[in-house]
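K.L.:
Build me a model:
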Amino acid sequence: MAITRVTAKRILKDAGAGRVSNDAAEELAETVSKYAYTIAKKAISLSAHAKRKTIKKADIDLAR
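P.N.:
Numbers count the residues shown, from 1 in each chain. As a prediction, this is how the structure comes out:
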């Protein structure tokens, strides 16, 4: 599941952007999705290493 262009635009506007092009929103959405996927994969590995099936906040923190 990836974040949508609308969500990316909202993030950019919340950060202070006045206007946001569709290309910029799509690029941010893709970048954020890739980053989140990378963090998730690392967190899953950490959880498996600890012999747990549940991903915990600590796994996410360590994965960053």
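K.L.:
Next, the contact list for the residue nearest the centre of the chain, please.
P.N.:
Against the mean C-alpha coordinate of the chain, by C-alpha atoms, centre = their mean, the closest residue is A36 at 3.0 Å. Residues near A36 by C-beta atoms under 8 Å, 6 or more residues apart in numbering: I3. Backbone N, C-alpha and C define where each C-beta goes, glycine included.
K.L.:
what's the spacing between it and D61?
P.N.:
If you measure A36 against D61 using C-beta to C-beta, to the nearest Å, the figure is 14 Å.
K.L.:
hmm, what's the outermost residue in this protein?
P.N.:
Largest separation from the mean C-alpha position in the chain: K51, at 24.6 Å (C-alpha atoms, centre = their mean).
K.L.:
And the pLDDT for that one?
P.N.:
If you check K51, the pLDDT there is 97.
K.L.:
still on that earlier bit, can you give me phi and psi for the residue nearest to the centre of the chain?
P.N.:
Dihedral angles of A36 (phi, psi; degrees, to the nearest 10) stand at phi -60, psi -40.
K.L.:
And for T7?
P.N.:
phi -60, psi -40.
K.L.:
How about A50?
P.N.:
According to degrees, to the nearest 10, A50 has phi -80, psi 10.
K.L.:
Offset the numbering so it begins at 58, please.
P.N.:
Yes, from this point I'll number from 58; that puts the last item at A107.
K.L.:
so how many other residues sit close to it?
P.N.:
Here the number of neighbours of A107 (other C-beta atoms under 10 Å) works out to 11.
K.L.:
what about it, distance to N79?
P.N.:
In this view, A107 and N79 are 42 Å apart by C-beta to C-beta.
K.L.:
how far does the strand or helix carrying I101 sit from the chain's center?
P.N.:
For I101, the host element (DSSP states H and E) is helix 79-106. Centroid separation for helix 79-106 versus its chain: 4 Å, with C-alpha atoms, centre = their mean, to the nearest Å.
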